[in-house]
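S.K.: no FASTA, just this:
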């Protein structure tokens with residue numbers, strides 16, 4: 001794949017969530033690397049405020065049984081982002097993203113809490129936190145560390161005399177007052193209504209969180225096709241990825257969408273794979289096959305591969321649910337490996353994904369602090385932890401064998417059902 005210039009690295013450090021979906025207790029997902037020197041290619045050494053060095057992981061994988069909470073972690077990230085980006089136009093609207101832990105009488109009306117620690121566009125560390133219930137934002141604060149010490153950029157404060165709106169104070173160089181609805185984040189106001197040199201850049205940072213669910217991936221988007229047509233680097237890199245995938249496609253071209261190619265809906269242009277045509281074992285021609293006639297795996301590689309290339313180029317954070325869907329394990333490994341490559345990932349792009357594919361649970365691919373597990377307790381709450389938390393685990397431990405042996409937990413408890421079959425002793429003739 002073609003290379004691109006290195007940019008400032010904008011990476012997630014830690015994400016904390018409490019009382020969201022199946023996550024009852026405070027849970028922290030960390031991208032800060034442990035001291036181990038293992039697999040240095042899986043780590044970026046980022047510089048914060050031109051002084052502090054921090055080692056940050058470029059990927060993380062989440063394992064666990066079905067309905068254990070793997071996707072809930074990704075949903076928490078997505079709700080965190082959507083609450084910042086959504087435009088609230090009525091102070092009386094309920095907050096639809098409120099989704100507390102419902103299996104405990106004490107938590108189903110308690111606040112949800114989010115907190116994200118990250119390196120911003122200016123290579124300064126920030127911590128943005130907020131809490132909310134179904135009716136209002138209860139707290140909100142943005143802290144940053146321009147010279148290693150904490151300063152508050154904005155903090156939510158209520159004016160008791162206001163019924164429909166709240167007054168908030170941001171302490172930057174001088175205090176300023178901004179009015180927002182009680183059910184709207186102050187951060188979203190700085191992204192939409194009140195441009196600010198520092199805070200608005202933080203708002204832009206949250207656009208770098210990208211989410212893909214393979215099982216519901218849409219092939220009717222025009223983005224990849226348009227990029228493929230207009231961007232030489234994107235076209236060459238995605239074609240190389242298609243070739244590496246051994247799909248028997250010489251190259252992908254963008255052509256006018258035919259009436260029969262309904263996979264891409266009413267889009268004017270659509271991808272076509274160029275295949276060799278043979279006669280008596282000799283190549284005699286080529287055929288441009290519309291992607292509606294290609295396999296689901298080919299379509300996924302084109303769509304998801306394009307998303308991965310864009311993440312690598314722009315230093316984005318990519319979340320993928322069920323990465324193994326319709327893809328061979330070797331292709332999944334390839335997509336992970338490019339995030340671990342300093343050559344292909346110079347801008348600190350990060351990958352967070354869920355999977356059931358045990359072949360990827362391998363000490364040649366991941367460090368132990370990159371592997372996360374989740375399972376539900378007897379009360380329906382997700383317990384979320386890393387293999388790093390186990391004291392007897394080394395970097396050369398066979399992670400897959402230990403996991404399948406139950407040493408890490410997070411395995412489904414599956415047994416054959418006891419089925420009572422009552423046999424009818426009468427024969428087919430009723431005798």
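M.R.: The structure has been received and is ready for your questions. Remember, predicted model here, so these are calculated numbers, not experimental data. Residues are numbered from 1 along each chain as shown.
S.K.: can I assume residue 350 is in contact with residue 43?
M.R.: No - judged on CB atoms under 8 Å, residue 350 makes no contact with residue 43 at a distance of 11.3 Å. C-betas here are computed from N, CA, C, even on glycine.
S.K.: what residues do those two have in common as contacts?
M.R.: 56, 57, 58 (CB atoms under 8 Å, 6 or more residues apart in numbering).
S.K.: so what's the first one up against?
M.R.: Under the criterion of CB under 8 Å, 6+ apart, the contact partners of residue 56 comprise 9, 11-13, 31-33, 43-46, 119, 348, 350.
S.K.: Could you point out the helix or strand that follows the lengthiest strand in the chain?
M.R.: Using DSSP state E, we find that the single longest strand of the chain is strand 269-279. The helix or strand immediately downstream of strand 269-279 is strand 282-290, counting by DSSP states H and E.
S.K.: what helix or strand does the residue positioned nearest the centre of the chain sit in?
M.R.: In the chain, the centroid-proximal residue (CA atoms, centre = their mean) is residue 319; its distance is 1.5 Å. For residue 319, the element it lies in under DSSP H and E is strand 317-321.
S.K.: Moving along the chain from that strand, name the first helix or strand you hit.
M.R.: Downstream of strand 317-321 (by DSSP H and E), the next one is helix 329-339.
S.K.: quick one: buried residues of that next one?
M.R.: With burial defined by 16 or more other CB atoms under 10 Å, the residues of helix 329-339 counted as buried are 331, 332, 333, 334, 335, 336, 338, 339.
S.K.: Break down the protein into its helices, ranges please.
M.R.: 70-85, 186-192, 199-205, 223-230, 232-244, 296-314, 329-339, 399-404 (DSSP state H).
S.K.: got the angle for the fourth one vs helix 232-244?
M.R.: Going by axes from the mean of the first three to the mean of the last three CA atoms, to 10 degrees, helix 223-230 is angled at 110 degrees with respect to helix 232-244.
S.K.: Contacts for helix 223-230, please.
M.R.: So helix 223-230 is contacted by 234-235, 238, 252, 254, 264, 267, 269-271, 302-303, 306-307, 310 (CB under 8 Å, 6+ apart).
S.K.: Highest neighbour count among those?
M.R.: The most crowded member of the contacts of helix 223-230, judged by other CB atoms under 10 Å, is residue 271 (30 neighbours).
S.K.: Pretty sure that residue sits against residue 289.
M.R.: No - taking contacts as CB under 8 Å, residue 271 lies outside contact range of residue 289: 9.8 Å.
S.K.: ok, now which ones touch residue 83?
M.R.: 95, 97, 130, 132, 185, 188.
S.K.: Among these, find me the one that's closest to residue 392.
M.R.: Top of the list for closeness to residue 392, among these and by CB to CB, is residue 130 at 38.4 Å.
S.K.: what's around residue 354, how many residues?
M.R.: Residue 354: 25 surrounding residues under other CB under 10 Å.
S.K.: Distance check, the residue lying closest to it once chain neighbours are set aside against residue 134.
M.R.: Nearest-residue entry for residue 354: residue 70, 4.2 Å, with adjacent residues in sequence omitted and distances by CB to CB, 6 or more residues apart in numbering. Taking CB to CB, to the nearest Å as the measure, residue 70 falls 25 Å from residue 134.
S.K.: same deal with residue 326?
M.R.: Counting by CB to CB, the separation of residue 326 from residue 134 is 38 Å.
S.K.: For the residue lying closest to residue 278 once chain neighbours are set aside, give me the pLDDT.
M.R.: Setting aside the residues directly before and after it, residue 278 is nearest to residue 284 in space (CB to CB, 6+ apart), at 6.5 Å. According to the prediction, residue 284 has pLDDT 95.
S.K.: Could you do residue 138 as well?
M.R.: 94.
S.K.: ok, now residue 275?
M.R.: 94.
S.K.: weakest of the helices of the chain in terms of mean pLDDT?
M.R.: Lowest mean pLDDT within the helices of the chain: helix 223-230, a mean of 81.
S.K.: relative to strand 269-279, how tilted is it?
M.R.: 70 degrees.
S.K.: Determine how far the last residue of stretch 146-154 lies from the first.
M.R.: Its first and final residues considered, stretch 146-154 spans 15 Å by CA to CA, to the nearest Å.
S.K.: Okay, buried residues for that stretch please.
M.R.: For stretch 146-154, the neighbour count (16+ other CB under 10 Å) marks 146, 153, 154 as buried.
S.K.: Was I right to think the first one contacts residue 50?
M.R.: It refers to residue 146. No - the criterion here is CB under 8 Å, and residue 146 misses it with residue 50 at 9.9 Å.
S.K.: got a list of contacts for stretch 306-319?
M.R.: 1, 4, 7-12, 74, 77-78, 208-212, 223-224, 227-228, 233-234, 237-238, 241, 335, 338-339, 344-345, 347-353.
S.K.: Are any of these buried, and if so which?
M.R.: So, by 16+ other CB under 10 Å, the buried ones in the contacts of stretch 306-319 are 1, 9-12, 74, 77-78, 208-212, 224, 227-228, 234, 237-238, 241, 335, 338-339, 344-345, 347-353.
S.K.: and residue 139, what does it touch?
M.R.: So residue 139 contacts 129, 130, 131, 156 (CB under 8 Å, 6+ apart).
S.K.: Report the spatially closest residue to the last one, excluding sequence-adjacent ones.
M.R.: Of all residues not flanking residue 156 in the chain, residue 140 sits nearest, at 3.8 Å (CB to CB, 6+ apart).
S.K.: check contacts around that neighbour.
M.R.: Residue 140 makes contact with 129, 130, 131, 154, 155, 156, 168, 185, 186, 187, according to CB under 8 Å, 6+ apart.
S.K.: Which of those residues are buried, as a PyMOL select command?
M.R.: For the buried members of these, the matching PyMOL selection, counting by 16+ other CB under 10 Å, is:
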select buried, resi 130+131+154+156+168+185+186+187
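S.K.: Residue 66: which of the contacts of residue 140 is nearest?
M.R.: Within the contacts of residue 140, distances to residue 66 taken as CB to CB reach their minimum at residue 131, with 29.9 Å.
S.K.: Rounded mean pLDDT for stretch 48-58, please.
M.R.: When pLDDT is averaged over stretch 48-58, the result is 88.
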